[in-house]
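Colleague: Sequence first, predicted model second:
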Amino acid sequence: MPTAAPWPRLLLMLGIALAALGASLLIGSTETRPADLLAVLGGAGDPALRTVILELRLPRVLTAFGVGGALALAGLLMQALFRNPLADPYVLGVSGGAAVGALLAILAGAGFVALQSAAAGGALAAIALVWTIGRGQGATRLLLTGVIVASTCGAVVTLQLSLASGDQLRGMVFWLAGDLSAAQQPWLALPAVLLGTLLAILAGPSLNVLASGELRARSVGLDTERWRSIVFAGAALLTAVAVVSGGTIGFVGLVGPHAARFALRSADHRWLAPAAALLGGSLVAIADLLARTLAEPRQLPIGGLLALVGAPVFIALLRRAAR
């Protein structure tokens, strides 16, 4: 644990997040100057530009911060729960359940609201199934149950893709690869991240003990079964919110927590929780900005960009840790 609070590094992460937010609001098909942006945010400015910034760009970038922060925070909780640095939010099968529900809605020709509802239902069904089968037998059984549920959902998704028409297939692929083009309501993911971060900070000492090993946790009197249930529920719900809001976006839940540890040089979850949320949100916001500008007017899937960038970054972090 560090001897001093790492406030300077956290403030630097906050600055990176604000810079990503500003760039996402300024850059796009409509040319925007900083003065115009300030005027719009102040309640004035050109009506057309106000529509672009307040109704298109701002909800999208806030959703990106919510999705990225939720995935990174869920990954941090998962790694504490399983004491495994390779654990990520999707190991619970939540994303697979959400994908099955969302693709069923696309096959049925449902609208966006129905698609989100179906994805939420599938995610909650996967959570309930994993918890019902895997609870009470330790973290290993819970992990194995999540892997089995995720594999089963993956097989169902493959069948759904084979049954889709050409138009449906494109929408399915974009949703599976992560897509924020229809993000209009950030008020689900963003409050979930803020509340989850606050609760993780308050529960930081217990998370530190849980991550140090079950024998040590029991030796200090921690109710491991109770805390395992709490952490599982928190990680699962955060993952469900992220998947429903932005589709299946990979690497954030794996890279975000490790980047926070390397940046803070700490294993204290009271500091890691806000750092992971800030870094995860910034990562998805920057990826979304690149996705909508690199091949304009076409939009690239966020998940594909993050996989291309995330793999080398993660390898670099591992090499740095080894040194």
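Modeller: Received, thanks.

Colleague: Report pLDDT for the residue lying closest to Gly75 once chain neighbours are set aside.
Modeller: Nearest residue to Gly75 in three dimensions, chain neighbours excluded: Gly253, at 3.1 Å (C-beta to C-beta, 6 or more residues apart in numbering). (C-beta placed from N, C-alpha, C; glycine too.) Residue-level confidence at Gly253 comes out at 90, pLDDT.

Colleague: Just say helix, strand or coil for Gly253.
Modeller: Following DSSP: H, G, I helix; E, B strand; the rest coil, the label given to Gly253 is helix.

Colleague: which residues touch it?
Modeller: Taking C-beta atoms under 8 Å, 6 or more residues apart in numbering, we find Gly253 in contact with 71-72, 74-75, 78, 88-90, 239, 280.

Colleague: what do you get for Val147?
Modeller: 91, 93.

Colleague: ok, it to Ala87 distance?
Modeller: Distance, Val147 to Ala87, using C-beta to C-beta, to the nearest Å: 11 Å.

Colleague: Equivalent analysis for Gly310, please.
Modeller: Distance, Gly310 to Ala87, using C-beta to C-beta: 16 Å.

Colleague: which one of the two has more residues nearby?
Modeller: Neighbours of Gly310 and Ala87, each counted by other C-beta atoms under 10 Å, are more numerous for Ala87; the result is 25 against 19.

Colleague: how about the nearest residue to the more buried one, chain neighbours excluded?
Modeller: Closest residue to Ala87 apart from its sequence neighbours, by C-beta to C-beta, 6+ apart: Met78 at 4.2 Å.

Colleague: pLDDT weak spots in the stretch 151-300 of the chain?
Modeller: Within the stretch 151-300 of the chain, no stretch has pLDDT under 70.

Colleague: all helices of it, in order?
Modeller: In the stretch 151-300 of the chain, the helices defined using DSSP state H, counting those that start in this stretch lie at 166-177, 189-202, 204-211, 214-219, 224-246, 252-264, 269-293.

Colleague: With distance to Ser24 as added columns, please give those in a markdown table.
Modeller: What follows is the helices of the stretch 151-300 of the chain, written out as a markdown table (distance: least, C-beta to C-beta, whole Å):
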| stretch | distance to Ser24 |
| --- | --- |
| helix 166-177 | 19 |
| helix 189-202 | 14 |
| helix 204-211 | 30 |
| helix 214-219 | 41 |
| helix 224-246 | 14 |
| helix 252-264 | 16 |
| helix 269-293 | 5 |
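
Colleague: just to revisit the earlier point, residue contacts, the residue nearest to Ala87?
Modeller: With C-beta under 8 Å, 6+ apart, Met78 has these contacts: 87-89, 91-92, 235, 253.

Colleague: Out of those residues, which comes closest to Val61?
Modeller: Val61 has its nearest neighbour among the contacts of Met78 in Gly253, at 19.7 Å by C-beta to C-beta.

Colleague: Met13 touches Leu278, doesn't it?
Modeller: Yes - because the distance of 4.3 Å satisfies C-beta atoms under 8 Å, Met13 is recorded as touching Leu278.

Colleague: Who has more neighbours out of these two?
Modeller: Neighbours per residue, other C-beta under 10 Å: of Met13 and Leu278, the larger number sits with Leu278, 28 against 23.

Colleague: what sits against that one?
Modeller: So Leu278 contacts 10, 13-14, 16-17, 69 (C-beta under 8 Å, 6+ apart).

Colleague: how about 7 Å then?
Modeller: Leu278 is in contact with 13-14, 17, counting by C-beta atoms under 7 Å, 6 or more residues apart in numbering.

Colleague: Make JSON lines out of those residues and add distance to Ala44 and secondary structure.
Modeller: Putting the contacts of Leu278 into JSON lines (distance: C-beta to C-beta, whole Å; DSSP: H, G, I helix; E, B strand; the rest coil) gives the following:
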{"residue": "Met13", "distance to Ala44": "32", "secondary structure": "helix"}
{"residue": "Leu14", "distance to Ala44": "27", "secondary structure": "helix"}
{"residue": "Ala17", "distance to Ala44": "26", "secondary structure": "helix"}
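
Colleague: Locate the residue nearest the centre of the chain within the secondary structure: which element?
Modeller: With distances taken as C-alpha atoms, centre = their mean, the chain has Leu71 as the residue nearest its mean C-alpha position (2.3 Å). In the assignment (DSSP states H and E), Leu71 maps to helix 58-82.

Colleague: Centre of the chain to whatever helix or strand comes next after that helix, how far?
Modeller: Downstream of helix 58-82, the first helix or strand assigned by DSSP H and E is helix 94-107. Chain-centre distance of helix 94-107: 17 Å, with C-alpha atoms, centre = their mean, to the nearest Å.

Colleague: Just the buried positions in helix 94-107, please.
Modeller: 94-106 (16 or more other C-beta atoms under 10 Å).

Colleague: from the residues you listed, which single one is nearest Ala183?
Modeller: Once C-beta to C-beta is applied, the member of the buried residues of helix 94-107 that ends up nearest Ala183 is Ala102, at 14.3 Å.
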